[in-house]
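# Below: sequence and its predicted model.
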There are 2 protein chains.
Amino acid sequence: MSLIKPRTLNGFRDYLPAAMIPRERLMETARAVFRSYGFAPIDTPTLEYLEVLTGKGSDETDRQIYRFEDNGGRQVGMRFDLTVPLARFAAQHIHQLGTPFKRYHIAPVWRGERPQAGRYREFMQCDFDTIGTQSVVADIEAVSVIDRLLSSIGFERFKIHVNNRCVLTELLSHLGLLDQSVAILRSLDKLAKIGREAVAQEMCDAAGISAQQADHVLKLAELQGDAESIFAALPEITGGSESAIEAIERLEAIYRGALAAGVPEQHLKIDVSIARGLDYYTGVIFETILDDLPSIGSVCSGGRYDNLAGLYTKQHLPGIGGSLGLDRLLAAMEQLEMLPGTSTPADVFIPFFDKSQRENYLRLAATLRDQGISSELYPDPKKLGVQLKYADAHGFPVALIAGGNEWDSGKIQIKLLDKKQSVDVNYRHDQPAELLAKLAQALGGEL
Amino acid sequence: MSLIKPRTLNGFRDYLPAAMIPRERLMETARAVFRSYGFAPIDTPTLEYLEVLTGKGSDETDRQIYRFEDNGGRQVGMRFDLTVPLARFAAQHIHQLGTPFKRYHIAPVWRGERPQAGRYREFMQCDFDTIGTQSVVADIEAVSVIDRLLSSIGFERFKIHVNNRCVLTELLSHLGLLDQSVAILRSLDKLAKIGREAVAQEMCDAAGISAQQADHVLKLAELQGDAESIFAALPEITGGSESAIEAIERLEAIYRGALAAGVPEQHLKIDVSIARGLDYYTGVIFETILDDLPSIGSVCSGGRYDNLAGLYTKQHLPGIGGSLGLDRLLAAMEQLEMLPGTSTPADVFIPFFDKSQRENYLRLAATLRDQGISSELYPDPKKLGVQLKYADAHGFPVALIAGGNEWDSGKIQIKLLDKKQSVDVNYRHDQPAELLAKLAQALGGEL
């Protein structure tokens, strides 16, 4: 029989342990943070009726949907994001769930786009949303969630850029440019990329506004400095109407609330230049930039929307949500050398080199696990060198070495694998205290 | 615009928080147990080349694969289990990973079978395997993993049924019935379901063996009693050839090793009647039955195989693995009332009923989270009754109530929601000790 070539489809990938361990850790950290705010997990099917998926998507997204006819003759598709399924889910279940409804959803999505460097056809999304409330508390909480997510993952140097879309809208209204807002905001979104002059030119060309008007819009977007000075400048720039003041006060309330909720000032940046697309968001919007890797773009973005599920229900469901960019964060962590690079989740390696003592090794490993210490026992009684090479290759920090003599004399050797240091300790199965104490030190990197 | 009907496909389902919270907890427990033995996580693509998937499956499985032609004209399919992807993965990467290779994989699979009660077209699989070793240590470890999985999930009363397929093979060889083994084992697998007489009759009819031979086979399968008495009886029944003794000794070694590894005797049952299918397993096999719900069948099964990836590589890869039945376990936990029935992952509910104190509430919630206490702040300053009804419906155990006066006087009320008890404690943001101490008690169910 000829062999089938083992290979993955273009745009798809296997996760080997060294890549999967930090990925899984990241997802667990995210889940723990979401839960600590009362966000609850949900899951939805991978396959949906195609009409459910295409109802909302843009033409471009529609083309990217993996779609087919199932055995029952139904047109089905694989979800391409978690927002459309959330909208369908909320329309279907909100009467049972009630509001406010806080959920997180970590799951893969699929897009048949042309694979590029770092872009895949299957990728994980990690979303959180609070639905059914317009409260500023939910806005503040979203900012606080992002801060705690990034901090818990291990980042210290980042900025959450916060804006209120309404501030931009008020400015455009003040300038009489509401009808051109789509073209203007599309240009504005390019500010960081192409610079002031090019944006101004594009605004004049594409939106047909005057150079003076473009200058005024850009003056707002370029407001820099600390939050207080921006808040002080905004009323005049936006015209100071009642609704403009309201939009500015909301932004201020979010900023002050985030500080009260423990977000450090250096993690917050009021940034009235960000617009985040054209029509979905209707209130607060945010992006998160790593100080040390601004070029990779936002690692957590989102904002407030007015009506989540209008395609599926007449019930008006406002909400606010964010999305953590798992793949981007992992790429960043790799570049910043924040990943351990091990391919085992266990801390302690136990070589097995005395066959007659099999049950002693098994019992030792169980004793460690009972104490919450993960430990791997090598299954075959090969030469110690072979086994320690395996341990090194996998990145175990510590080995516990016991041969026949050791078992007889009640001694075990603790070995720090990277430092090549070792120490002997007393051990019997019913008297593990000395081993456990010394092992705790060893796992802290000291002997 | 007419609304799109929000609905899921037949055979698929949404997981609402009350169902998803215990499901996620179960998966996290499984991951923690796997890791404690050094099993590492992997992931593989949802979509594979169809030829990779159909290479191994039976005709029945093949028919159930969700398959289609992708935009690049490739025939692709959605994985229907995690074993075929593991085989493909191992063939592709084992030169890089080395052996032994210990992995777990928790991921959904899809089968387009006719939906039945409790059967879905999308379901989660939870597999662990040790590849590249024939060591009995790996067999013992698999049994130990199952024991720790079930115990960690909260089960105390269960039995891991352990057999060695080789013992059955040796018996059939002894009786000169090796050629009829497929038909005989197929009948034998029905013993628990249809009883001795029907199985004996079927063996005679289908396999064409004598009543005496059927009786001999059944005598083995019906060996009952403690492990020692079974081990003592096996040599005679199986004929006692050298290879039969070897098979029996392996089974004994697994049993004694599992005891040494801490598996309680009452969780182990040597059961020479189980065969687990016809051709895949070649050594130890196991099934796990809950004492209180034997009717739902095995909740964790698996065994040893000789050659995992023969379709994709010439490299011989023996291994041993098991699969935890997540959906079955959750159904069992529901029946046995082991699920909490809450729809929030947070412990503490903070009503928000004094708008002017918004930042105090935010800071209180943050203080609790800093101490590892999950807490949800209601976003809208509605009437207290409305908010407490929300808290009740979600199953929060404890509420922390603070109105304007309380903030001024530095008092907070801790309320046990199910017992309608409450107590006032002193609290200031910079002096949270008294609140934290009393809250710990409250979360333990006492005030």
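The structure has been received and is ready for your questions. Since the structure is predicted, the reported quantities are computational estimates derived from the model, not experimental observations.
# Please identify the residues of the stretch 51-200 of chain A in proximity to chain B?
By the rule C-beta under 8 Å from any C-beta of the partner chain, the part of the stretch 51-200 of chain A lying against chain B is A:51-52, A:55, A:66-72, A:74, A:76, A:78, A:88-89, A:91-93, A:96-98, A:100, A:102-103, A:108, A:110, A:112, A:122, A:130, A:133, A:135-138, A:140-141, A:144, A:148. Where C-beta positions appear, they are placed from N, C-alpha and C, glycine not excepted.
# List only buried entries from these.
A:52, A:55, A:66-68, A:70, A:76, A:78, A:88-89, A:91-92, A:97, A:100, A:102-103, A:108, A:110, A:112, A:122, A:130, A:133, A:135-138, A:140-141, A:144, A:148 (16 or more other C-beta atoms under 10 Å in any protein chain shown).
# quick one, what contacts the residue most central in space within chain A?
The C-alpha lying nearest the average C-alpha coordinate of chain A belongs to residue A:324 (C-alpha atoms, centre = their mean; 2.8 Å). Residue A:324 is in contact with A:30, A:126-128, A:146, A:149, A:299-300, counting by C-beta atoms under 8 Å, 6 or more residues apart in numbering or on different chains.
# Strands - which of those land there?
Those of the contacts of residue A:324 mapping onto strands are A:126-128, A:300, per DSSP state E.
# Tabulate these (TSV), appending pLDDT and neighbour count.
Shown next, in TSV, are the ones in strands among the contacts of residue A:324 (pLDDT from 0 to 100; neighbours: other C-beta atoms under 10 Å in any protein chain shown):
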residue	pLDDT	neighbour count
A:126	98	23
A:127	98	20
A:128	98	26
A:300	97	24
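# Got the domain ranges for chain A?
Chain A resolves into domains spanning A:17-335, A:348-443 when parsed by automatic domain parsing.
# Run through chain A and note the low-pLDDT ranges.
Applying pLDDT under 70 to chain A picks out residues A:1, A:56-58, A:115, A:278.
# Work out for me the element residue A:286 sits within.
Under the criterion of DSSP states H and E, residue A:286 resides in strand A:284-290.
# now the domains of chain A in TSV, with distance to residue B:159?
Below are the domains of chain A laid out as TSV (distance: least, C-beta to C-beta, whole Å):
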stretch	distance to residue B:159
domain A:17-335	31
domain A:348-443	19
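# So which of the residues of the stretch 51-200 of chain A next to chain B sit within helices?
Among those, the members falling in helices (DSSP state H) are A:51-52, A:88-89, A:91-93, A:96-97, A:136-138, A:140-141, A:144, A:148.
# Can you name the residues of the stretch 201-350 of chain A sitting close to chain B?
The stretch 201-350 of chain A comes close to chain B at residues A:253, A:256-257, A:260-262, A:309, A:311-314, A:343-346, A:349, as judged by C-beta under 8 Å from any C-beta.
# Which of these fall within helices?
Using DSSP H, these in helices are A:253, A:256-257, A:260.
# Rebuild these as CSV, extending it with neighbour count.
Output for those, formatted as CSV (neighbours: other C-beta atoms under 10 Å in any protein chain shown):
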residue, neighbour count
A:253, 18
A:256, 16
A:257, 22
A:260, 20
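# from those, which single one is nearest residue B:402?
Set against residue B:402, the nearest of those by C-beta to C-beta is residue A:260 (14.4 Å).
# Could you find the closest non-adjacent residue to that closest one?
residue B:359 (3.6 Å; C-beta to C-beta, 6 or more residues apart in numbering or on different chains).
# ok, that neighbour touching residue A:255?
No - using C-beta atoms under 8 Å, residue B:359 makes no contact with residue A:255, being 11.3 Å away.
# Comparing these two, which residue is more hemmed in?
Higher neighbour count among residue B:359 and residue A:255: residue A:255, with 22 against 16, using other C-beta atoms under 10 Å in any protein chain shown.
# Just the closest residue of the stretch 251-400 of chain A to chain B, please.
Residue of the stretch 251-400 of chain A nearest chain B, by C-beta to the nearest C-beta: residue A:376 (2.8 Å).
# Identify the residues contacting that residue.
Under the criterion of C-beta under 8 Å, 6+ apart, the neighbours of residue A:376 are A:344, A:346, A:348-350, A:365, A:396, B:37-38, B:102.
# same thing with residue A:366?
B:144, B:260-262 are the contacts of residue A:366 under C-beta under 8 Å, 6+ apart.
# Okay, strands next: where are they in the stretch 201-350 of chain A?
Assigned by DSSP state E, counting those that start in this stretch, the strands in the stretch 201-350 of chain A fall at A:268-270, A:284-290, A:300-305, A:319-324, A:348-350.
# I'd like these laid out as CSV, including distance to residue B:169.
Formatted as CSV, the strands of the stretch 201-350 of chain A follow (distance: least, C-beta to C-beta, whole Å):
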stretch, distance to residue B:169
strand A:268-270, 69
strand A:284-290, 60
strand A:300-305, 57
strand A:319-324, 52
strand A:348-350, 33
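# which one of these lies closest to residue A:335?
That would be strand A:284-290 among the strands of the stretch 201-350 of chain A, by C-beta to C-beta, at 9.6 Å.
# for that closest one, which positions count as buried?
Buried-residue list, strand A:284-290, by 16+ other C-beta under 10 Å: A:284-290.
# can I get the residues you listed in JSON lines with distance to residue B:189?
Converted to JSON lines, the buried residues of strand A:284-290 look like this (distance: C-beta to C-beta, whole Å):
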{"residue": "A:284", "distance to residue B:189": "61"}
{"residue": "A:285", "distance to residue B:189": "60"}
{"residue": "A:286", "distance to residue B:189": "58"}
{"residue": "A:287", "distance to residue B:189": "59"}
{"residue": "A:288", "distance to residue B:189": "56"}
{"residue": "A:289", "distance to residue B:189": "60"}
{"residue": "A:290", "distance to residue B:189": "57"}
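# With respect to residue B:383, which of these is nearest?
residue A:284 (26.4 Å).
# check contacts around the closest one.
Per C-beta under 8 Å, 6+ apart, neighbours of residue A:284: A:139, A:142, A:162-165, A:250-251, A:254, A:303-304, A:320.
# Just put those residues in TSV and tack on distance to residue A:202 and neighbour count.
Listed next are the contacts of residue A:284 as TSV, based on distance: C-beta to C-beta, whole Å; neighbours: other C-beta atoms under 10 Å in any protein chain shown:
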residue	distance to residue A:202	neighbour count
A:139	31	27
A:142	31	27
A:162	25	26
A:163	20	25
A:164	24	28
A:165	20	22
A:250	29	18
A:251	26	25
A:254	30	25
A:303	24	26
A:304	27	26
A:320	30	28
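# could the residues you listed be laid out in TSV, adding distance to residue A:2?
Converted to TSV, the contacts of residue A:284 look like this (distance: C-beta to C-beta, whole Å):
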residue	distance to residue A:2
A:139	61
A:142	55
A:162	60
A:163	60
A:164	63
A:165	60
A:250	67
A:251	66
A:254	63
A:303	54
A:304	58
A:320	56
